[in-house]
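Q: Could you work out the structure for the sequence below:
(chains A and B)
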Amino acid sequence: MADLEQRRIIFKHIDEPGYSNDIACYVRNGGYEVLKKSVLRKPDELIDEVKKSGLRGRGGAGFPCGVKWGLVDRKSGKPIYLIVNADESEPGTFKDRYIMHQDPHQLIEGTMISCFANNVKQAYIYIRGEMPHGARILEKALAEARAAGFVGKNICGTTYSCDIFVHRGAGAYICGEETGLIESLEGKRANPRIKPPYFPAVLGLYQCPTIVNNVETLCHVKYIAEFGGIEYAKIGTPNNTGTRIFCVSGHVQRPGYYEFEAGKITMGQLLNDVCGGPLPGRKFKAVIPGGSSAKILRFGERYKGKRKVGADMVDYDWGVEDVPMDFDSLGMVGTMGGSGGVIVMDDTVNMVEALANINAFYSHESCGQCTPCREGSLWMKKITTRMVHGNARSEDAALLKSVADQIPGRTICAFGEACSWPTQSFIAKFGDEFKNYPESKKAVKPAEAQTLI
Amino acid sequence: MIQPAKPADLVTVNIDGKDIAVPKGTNVIEAARLINVDIPHYCYHPKLTIVGNCRMCLIEMGMPAVDPATKAPIMDPATGKQKINWIPRPQIGCGTNVSSGLHIRTQSPMVKDCREGVMEFLLINHPLDCPICDQAGECKLQEQSTGYGRGYSRFVEQKNVKPKRTQLGPRVTLDDERCILCSRCIRFSKEIAKDDVLGFIDRGSYSTLTCYPGKTLANNYSLNTVDICPVGALTSTDFRFKMRVWFLKQTNSIDTESSVGANTVVWSREGAIYRITPRRNDDVNDTWMADSGRELFKSVKSADRLTAVKVNSADSALDIAINAATQLFKEGGAAVVGSGRSSVEEQFLTKKLADALKASVSLVSRVGEGDKLLVSADRNPNVRGALVTGLIKSLPSQKLTDLAAAIDAGKIKAVVSVGEDLAAAGLSAAQLAKISIVYLGTHANATSVAAKVVIPTQSVFEKNGTLVNQQFRIQKFARAVPAPAGATDDTVVLAKLAGVAATDIASVWKLIAAEVPALTTMSYANIPETGLLLDATPFAALPFVEGETLHYKPTAPVAATA
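A: All right, here's what the predicted structure looks like:
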């Protein structure tokens, strides 16, 4: 299928035979040429290109990158910091890791262009604590880039200087939340800050204006600087420009990472054609399209409504397979594009047990600062754990939903949504399974069931 | 307390349909308080930074709708008023500062639902051991659960287990299971006490308050963490399990350990004091006080308390003792040693006594090190009272050298000491033996042993009076507990000695108002609970010993013009 060809921009060299992560290989493949040209342009021009490109953040929220840069307080007289959010922790997501492991100079170049565009003199790469190998690679790559004059003093022979430092994270999911990350980078416990007043664009790192961008986002910036915002906007669909990397995991024939133009591929194409469909003799049951915090989609559901195509409003009637993989379409069907971590579950999966797993993760990762998330996430975990350990009650489904409903929108950061959306959506879509769970737990094990140990 | 503001700084906000003008920058909790709307909260404290972590103060917020293009107001045809764009998500009241036109709903279904949700979450891992908890009766969790609690629990899981009795320091015991992780104590230690020793370990619901390894919560302000703890997690090791708070009577008082004059509340029952806590005064001590000031009540019932009037070491009665003292004075050569720890009323009467005897007056100073917060260098609480009443003209010295010289010269034959230990103030045993001493005091010491006449008096907790603090703020204290039998109010004793017809504090104040120019318009009753600032300019030339403390900046002494 011609239209299912991957469009690899960011992952162009990932897994390419013979491609290594040293600077010689990167430069051989045309690396740092964009940076050399960019530092001769006007910074405002570069910001403008990013605005025109319509680039949306790839960390999960899909916030327009140009708008984020536009919010930065440039009149305060304080230094502006840029932080690369490389704390990739959302379960199901493994794209940034590959960029950093196999093509670190791409990230460094994108970061330097973004720094130059925003007059940043100091940038940090906050890499997840559990990725020591990635940190070592980045340190080495930075040393190489510094030696070659692409990072540090007088970049590419100009008067512009900017240094990048690698900071290893503190080993918690919440360190990926931008204000939590800033606190952690300052050496404190990664408790997210209240907004207002602590918007990073105004009062970020060390109370200075700060830009926090995802690894993939900054790599896109490099591409935008190379080809121009308007050219970039032609990739993908309007309002969902560029490519997206999908990290498919779970019950498909060929799990892995795939880069496609945003919105040009549907969920069905991705799972069936690209990933080879369900495992032999199985059927797809559900899919989480944007990392484990995104709301789950149930195969067999229909989504109806009106959507904008060009200037017209068009009716749509989609099954899960028909949903285009972009921020807006996934938003319309009640979930989100998130970080691009597509988690597939087939008919062997018990949803109560799947939710117990997700709840265990989020209760472990709640920072404990604000009440609804701290207490709610652990309560939900305790309920689902009790259920899978044979003490399920028929009223647990209703209780779980009620607990989950008390969390989102009432917390300091978006973790409240992240920890409650799975429970809300699992109960909404597989409520019968939760209600019947006490009975099914009691059912005698089928004779053909495998003994695991 | 919100300072009166210029009209220009006021903005009009609408809270539950009521318009109110409040100073710009006030947060929603404080603004609502002005119209007696209570927004429940735990982590917010008016004197600490805002963290917004308890989520109890969630409110609904909106702004008047304007057309984005023309900026013209959008009217609501149903009401004829400007339409309000309500934000769909609840916002925290503590972290939201008012701006012009802001609309707040504190009683909407969404707000009620939020509060009930937070309440339930706070209670699921809380031990609910109110029957044995010291905080019961003054517990915010208990109070709010009557308004927003469910009345039964949906939580059937195991509660979290945490340390039950951690000794955070010499005076504070922590029950971690009761802690709701509001972080007030952490912020207090860091921001006010400047002793950053508290923090959370572990994460999520297992977060546990503790001291940094190798450190203890031992600073002289540690008990403030107990005061601000909204639940029974931080408890005073001294007060723990002693008394239910609803049995205690509260009496407003003043901390007499230094010239700061922190406002306090004395908690007592059946004549016994159980604890002292700070009372809010934004111009003096905010909501804090030192731990050292909370222990002062322990001397009230100490074994060396004087309870018997003595004349020549034999038990006697008050009037006989007064007569005996008067006889001593008749021989001439009398001197008066007043006190910077006496109240304004007592100092006034001390002056009357000195005038009647034509005696010289000395005071003993007590100088320590100030801690820059709420304990100042001058450990006498009322030296400025002695200045205002005219008892002294210059600042006292630490030793009574002039008096000692006069005794050696044989000029002084009788000394009245108002609570001061003359031996500690530099008089030798030989000098004490040369004179006849009339001692008015609460506790036994070398002077009371050497005295010809001993009249037991009352402690600050047993009488009414006023003190003038380092800011020249006159503040009053009231009688919390009855004095032990045999101890008489100092004012009564001094009035009798001086031959002044004054039997109670009101009658003393009539005389004060008539004779002391700085206090002419005052009476004990009309001094507000937060005190009144007096004119300090007549004393600007004096080199006071205090350094900077909270709400006090010393001014360099102005050279005397005369």
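Q: what number of residues lie near residue B:395?
A: A total of 18 residues lie near residue B:395 under the criterion other CB atoms under 10 Å in any protein chain shown. C-beta here means a position set from N, CA and C on the backbone, and glycine is covered the same way.
Q: ditto for residue B:81
A: 10.
Q: Over to it: give its phi and psi.
A: phi -110, psi 170 (degrees, to the nearest 10).
Q: residues contacting it?
A: When contacts are counted by CB atoms under 8 Å, 6 or more residues apart in numbering or on different chains, residue B:81 touches residue B:75.
Q: any idea of the pLDDT on it?
A: The score at residue B:81 is 86. That number is its pLDDT.
Q: swap in residue A:401?
A: 97.
Q: pretty sure it is in a helix, no?
A: Yes: under DSSP: H, G, I helix; E, B strand; the rest coil, residue A:401 falls within a helix.
Q: Quick check: the gap between it and chain B.
A: Per CB to the nearest CB, to the nearest Å, residue A:401 is found 12 Å from chain B.
Q: wait, that residue sits on residue A:424?
A: Yes: judged on CB atoms under 8 Å, residue A:401 makes contact with residue A:424 at a distance of 6.6 Å.
Q: hey, where'd the helices end up in the stretch 201-350 of chain B?
A: Taking DSSP state H, counting those that start in this stretch as the criterion, the stretch 201-350 of chain B contains helices spanning B:223-228, B:291-294, B:318-330, B:344-357.
Q: so can I have CSV of those showing mean pLDDT?
A: Formatted as CSV, the helices of the stretch 201-350 of chain B follow (pLDDT from 0 to 100):
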stretch, mean pLDDT
helix B:223-228, 98
helix B:291-294, 97
helix B:318-330, 95
helix B:344-357, 96
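Q: how about these, which one is nearest chain A?
A: Chain A lies closest to helix B:223-228 among these, at 17.8 Å (CB to the nearest CB).
Q: Return the distance of the closest one from the chain's centre.
A: 13 Å (CA atoms, centre = their mean, to the nearest Å).
Q: Provide the contact partners of it at residue level.
A: Contact with helix B:223-228 is made by B:45, B:48, B:171-172, B:184-185, B:188-189, B:192-193, B:198, B:217, B:234-236, B:277-278, B:287-289, B:291, B:294, as judged by CB under 8 Å, 6+ apart.
Q: ok, and which of these reach chain A?
A: Restricting the contacts of helix B:223-228 to those touching chain A (CB under 8 Å from any CB of the partner chain) yields no residues.
Q: and residue 191, what does it touch?
A: Just going to use chain A. Each residue near residue A:191 by CB under 8 Å, 6+ apart is listed here: A:174, A:180, A:183, A:367, A:369, A:412, B:53.
Q: try chain B instead
A: When contacts are counted by CB under 8 Å, 6+ apart, residue B:191 touches B:48-49.
Q: And for the one 5 residues further on?
A: Residues in contact with residue B:196 (CB under 8 Å, 6+ apart) are B:189-190.
Q: what does the stretch 51-200 of chain A have sitting close to chain B?
A: So far as CB under 8 Å from any CB goes, the stretch 51-200 of chain A lies against chain B at A:172, A:189, A:191, A:194, A:196-197.
Q: Check these against chain B and report the nearest one.
A: Nearest to chain B out of those is residue A:194 (CB to the nearest CB; 4.2 Å).
Q: Tell me how many other residues surround the closest residue to the closest one other than its chain neighbours.
A: Of all residues not flanking residue A:194 in the chain, residue B:52 sits nearest, at 4.2 Å (CB to CB, 6 or more residues apart in numbering or on different chains). A total of 24 residues lie near residue B:52 under the criterion other CB under 10 Å.
Q: Surely residue B:52 is in contact with residue A:412?
A: Yes: the criterion here is CB under 8 Å, and residue B:52 meets it with residue A:412 at 6.3 Å.
Q: Between the two, which contacts overlap?
A: Common contact partners of residue B:52 and residue A:412 (CB under 8 Å, 6+ apart): A:194, A:370.
Q: Check the offset of the longest helix anywhere in chain A from the chain's centre.
A: In chain A, assigned by DSSP state H, the helix with the most residues is helix A:415-435. Taking CA atoms, centre = their mean, the mean C-alpha location of helix A:415-435 is offset from the chain mean by 20 Å.
Q: which helices and strands sit right next to it?
A: strand A:284-288, strand A:297-298, helix A:351-365, helix A:371-386, helix A:396-405 (3 or more CB pairs under 8 Å, 6 or more residues apart in numbering or on different chains; DSSP states H and E).
Q: Of those, which is nearest residue A:8?
A: Taking CB to CB, strand A:284-288 is the member of the helices and strands packed on helix A:415-435 nearest to residue A:8, at 23.0 Å.
Q: Adjacent strands (with direction) for that closest one?
A: Strand A:284-288 pairs in its sheet with strand A:297-298 (antiparallel), strand A:341-346 (antiparallel), by DSSP bridges.
Q: can I get those in a markdown table with mean neighbour count and mean pLDDT?
A: A markdown table is the format used below for the strands paired with strand A:284-288 (neighbours: other CB atoms under 10 Å in any protein chain shown; pLDDT from 0 to 100):
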| stretch | mean neighbour count | mean pLDDT |
| --- | --- | --- |
| strand A:297-298 | 20 | 96 |
| strand A:341-346 | 24 | 96 |
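Q: wait, which of the ones you listed is closest to residue A:435?
A: Closest of the strands paired with strand A:284-288 to residue A:435 is strand A:297-298, at 15.5 Å (criterion: CB to CB).
Q: List the contacts of the closest one.
A: Strand A:297-298 has contacts (CB under 8 Å, 6+ apart) with A:267, A:285-289, A:320, A:323, A:333, A:335, A:429-430.
Q: moving C-terminal of it, what's the next helix or strand?
A: strand A:303-309 (DSSP states H and E).
Q: list the buried ones in that next one?
A: Under the neighbour-count criterion of 16 or more other CB atoms under 10 Å in any protein chain shown, strand A:303-309 has residue A:303 buried.
Q: Which secondary structure elements does the next helix or strand after that strand sit against?
A: Downstream of strand A:303-309, the first helix or strand assigned by DSSP H and E is strand A:312-318. Using 3+ CB pairs under 8 Å, 6+ apart, the elements in contact with strand A:312-318 are strand A:303-309.
Q: Can you tell me the number of residues neighbouring the closest residue to residue A:229 other than its chain neighbours?
A: Spatial nearest neighbour of residue A:229, chain neighbours left out: residue A:52 (3.1 Å); criterion: CB to CB, 6+ apart. Residue A:52 has 17 neighbours, counted by other CB under 10 Å.
Q: Cross-check the contact I'm expecting between residue A:52 and residue A:230.
A: Yes: Residue A:52 lies in contact with residue A:230 (CB under 8 Å); the separation is 5.6 Å.
Q: what are the ranges of the helices in the stretch 201-350 of chain A?
A: In the stretch 201-350 of chain A, the segments counted as helices under DSSP H, counting those that start in this stretch are A:215-227, A:229-233, A:267-268, A:327-332.
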